[in-house]
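Colleague: next comes the sequence, and after it the predicted model I'd like to discuss.
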Amino acid sequence: MSHNHLVATTDLLGVFDDISGEDAEVWQDARTFGSECLPLINDYWERGEYPLALVRRLGELDLLSDGLAVPGHRHMSILAAGLTLMEVSRADASMGTVIAVQAGLAMRSIDLLGSQEQRERWLPGMAEGKLLGAFGLTEPDHGSDSIALETTAVRADGGWVLNGNKRWIGNGSVGDVTVIWARTEQGDVSGFLVPQGSPGYHATTQTGKLSLRAIKQAEIHLEDCFVPDSAQLPQARSFKDTARVLTSTRTGVAWMALGCAIACYESARIHVLERQQFGRPLAQSQIIQQRLANMVIDLGQMALTCREVARRESLGTLRPEQASVAKVHNTRAARRIAADARDMLGGVGILLENNVARHFADLEALHTYEGTDTIQSLIIGKKITGFSSYK
């Protein structure tokens with residue numbers, strides 16, 4: 001194999017054999033982060049602590065731009081941004097989610113829908129990891145039907161007054177600014193940049209999570225929270241504008257799922273080569289070889305899917321239902337691989353030190369967030385049939 005990043009059997013189709021130039025440099029930097037993260041992350045994950053030093057390290061390695069053009073930072077290609085999510089998630093999905101939240105959602109909202117002044121105010125510090133951003137869309141009663149959000153934005157002298165509740169907001173209680181999505185008096189959806197220290201912004205870190213334990217999600221209560229006119233994203237005029245941000249993050253989840261699946265496969269492969277049972281390596285058993293083959297076949301299809309959506313996104317031709325196909329296919333396949341890997345490791349498969357159980361748990365979050373498996377399937381179904389089964 002012409003590249004060094006994946007174990008020789010992992011990319012059996014050679015999907016990433018031609019990665020070169022700046023894309024290869026970005027990928028290597030992401031691999032550097034992964035090698036620094038892996039020895040530390042299990043302890044943070046087990047304690048449910050947020051490793052802010054690792055978040056800052058992502059900024060130091062210039063891995064927090066997710067393909068956005070931020071002055072003073074490299075403008076990585078869509079492919080390089082995907083490889084970054086894959087490689088970071090291969091180490092840990094919580095850290096992959098940091099990129100997805102910080103850059104994929106918060107920074108992308110500001111970049112796509114914000115003013116020049118807003119971009120200059122927030123994006124450089126966020127790209128460096130010195131400022132943490134959140135994306136406040138999901139509500140306690142509105143997850144999949146987020147278009148029905150109830151948070152309100154009412155005109156006031158010189159600005160807006162926000163009221164409502166949000167849930168599952170990454171960085172929402174430990175960051176600097178939150179993009180709050182709210183409905184105006186005219187019924188339109190708009191976005192507002194709300195500093196987390198604003199009066200009326202109350203955030204509580206959610207606890208008791210089984211997945212993504214090394215990143216903080218928050219419940220947010222907005223009570224007569226005033227923001228000036230300059231806080232409104234000028235290009236955020238309807239939910240269609242919000243959806244522009246979300247489409248890109250769905251392909252990001254596909255890349256993250258691939259990274260988690262690679263880690264699980266590689267741990268399983270190493271284990272069965274080393275583990276002796278009945279006087280021979282487990283890898284000599286036919287059933288083990290078939291299961292490894294199934295995993296590699298899935299990895300190949302996941303990688304091909306990622307490269308195709310990256311190509312289409314680079315050309316500007318990626319359609320929402322294609323992003324949904326990538327998200328559904330890759331999270332389903334990753335769950336299969338993680339379940340097989342956990343089983344193949346036997347009893348030690350539940351130990352964090354063997355780097356399968358954490359991915360096994362984290363993939364449950366990837367399976368659901370950024371649009372559930374069911375909703376993504378219905379987006380595809382609407383395209384196939386012409387009928388919308390949801391409103």
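Modeller: Here it is on my side, so go on.

Colleague: can you get me a residue count around the closest residue to residue 59 other than its chain neighbours?
Modeller: Closest residue to residue 59 in three dimensions, ignoring its sequence neighbours and counting by Cβ to Cβ, 6 or more residues apart in numbering: residue 129, at 2.5 Å. Quick note: C-beta positions are derived from backbone N, CA and C, even for glycine. For residue 129, the count of nearby residues is 22 (other Cβ atoms under 10 Å).

Colleague: also the one 10 residues further on?
Modeller: Neighbour count of residue 139, defined by other Cβ under 10 Å: 21.

Colleague: distance of it from residue 341?
Modeller: Applying Cβ to Cβ, to the nearest Å, the value for residue 139 to residue 341 is 35 Å.

Colleague: which residues are contacting the helix or strand of the chain with the lowest mean pLDDT?
Modeller: Least confident helix or strand, the chain: strand 276-277 with a mean of 87, by mean pLDDT, DSSP states H and E. Contacts with strand 276-277, where a contact means Cβ atoms under 8 Å, 6 or more residues apart in numbering, come from residue 282.

Colleague: I'd like the distance from it to the chain centre, please.
Modeller: 38 Å (Cα atoms, centre = their mean, to the nearest Å).

Colleague: can you show me the strands along the chain?
Modeller: For the chain, the strands defined by DSSP state E cover 133-136, 152-156, 159-170, 177-184, 189-195, 201-205, 217-228, 276-277, 280-281.

Colleague: which one of those strands has the poorest average confidence?
Modeller: Among the strands of the chain, strand 276-277 carries the lowest mean pLDDT, a mean of 87.

Colleague: quick one: strands adjacent to that one?
Modeller: Here strand 276-277 is paired, per DSSP bridges, with strand 280-281 (antiparallel).

Colleague: residue 329 contacts residue 304, correct?
Modeller: No. Using Cβ atoms under 8 Å as the test, residue 329 is too far from residue 304 to be in contact (10.0 Å).

Colleague: and the two? Which one has more around it.
Modeller: Taking other Cβ under 10 Å, residue 329 and residue 304 do not tie; residue 329 has more neighbours (19 against 13).

Colleague: give me every residue that touches that one.
Modeller: Applying Cβ under 8 Å, 6+ apart to residue 329 gives the contacts 254, 301, 302, 305.

Colleague: count the residues that sit near the second one.
Modeller: If I follow you right, that is residue 301. For residue 301, using other Cβ under 10 Å, the count is 16.

Colleague: gap between the residue nearest to it when sequence neighbours are not counted and residue 363?
Modeller: Excluding its sequence neighbours, the residue lying closest to residue 301 (Cβ to Cβ, 6+ apart) is residue 333, at 6.8 Å. Look at residue 333 and residue 363: by Cβ to Cβ, they are 10 Å apart.

Colleague: these two: who's more crowded?
Modeller: residue 363 (27 against 21).

Colleague: list the residues that contact the more buried one.
Modeller: Counting by Cβ under 8 Å, 6+ apart, residue 363 makes contact with 93, 211, 257, 260, 331, 334, 335, 338.

Colleague: in a markdown table, list those along with neighbour count and distance to residue 219.
Modeller: Below are the contacts of residue 363 laid out as a markdown table (neighbours: other Cβ atoms under 10 Å; distance: Cβ to Cβ, whole Å):
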| residue | neighbour count | distance to residue 219 |
| --- | --- | --- |
| 93 | 32 | 21 |
| 211 | 20 | 17 |
| 257 | 34 | 26 |
| 260 | 29 | 26 |
| 331 | 29 | 25 |
| 334 | 33 | 28 |
| 335 | 21 | 27 |
| 338 | 29 | 28 |
